[in-house]
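Asks: Sequence and predicted structure, then a few things I'm wondering about:
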Amino acid sequence: MLSIFTKELNSYFSSLIAYISILLFIVIMGIFLWISPDSNILSDGYATLDRFFSISPWVLMFLIPALTMRSFSDEFKLGTIEILSTIPLKESHMIIGKFFGFFYYRFIFFNSFFAICFHYLSTFSYQRKY
């Protein structure tokens, strides 16, 4: 299971798709949270991430299935699914290893966004006009 976890993590970060998906998530969320006047984070006068948690499930509803389907389709395309099915490994361990590989990738995914978001929120000085 650990070998599949490291293989999945290496496959995500050795391809360009991981970096493109992280950048796509950051750009889409940045547009919705910082630029769009309807859902601007700082429009209420205080910084809150409520809008992030209301918008991100909709964005992730399209990104996460696309990335996880890519994992299994690459196994079939490269022909490594036969190797995985012949080694003494349960299918549940293979799926759990792939899940934790993607889960750790998603953990890095969110931390990159939160690092950028908290940097801008901590350096922002909001002056309310009375």
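Replies: That came through, no problem. Bear in mind that the values here come from a model prediction, so they are computed numbers and not experimental data.
Asks: Gly30 and Ser36, how far apart?
Replies: Separation of Gly30 from Ser36 (Cβ to Cβ, to the nearest Å): 10 Å. C-betas here are computed from N, CA, C, even on glycine.
Asks: Thr68: what's its closest spatial neighbour, skipping adjacent residues?
Replies: Nearest residue to Thr68, sequence neighbours excluded (Cβ to Cβ, 6 or more residues apart in numbering): Phe102, at 5.9 Å.
Asks: Report all helices and strands that the helix or strand hosting the one you found contacts.
Replies: Using DSSP states H and E, Phe102 sits within helix 91-123. Contact here means 3 or more Cβ pairs under 8 Å, 6 or more residues apart in numbering; DSSP states H and E; on that basis helix 91-123 packs against helix 2-14, helix 16-30, helix 50-78.
Asks: what about these, which gets the closest to Asn111?
Replies: For Asn111, the closest of the helices and strands packed on helix 91-123 is helix 16-30, at 10.2 Å, according to Cβ to Cβ.
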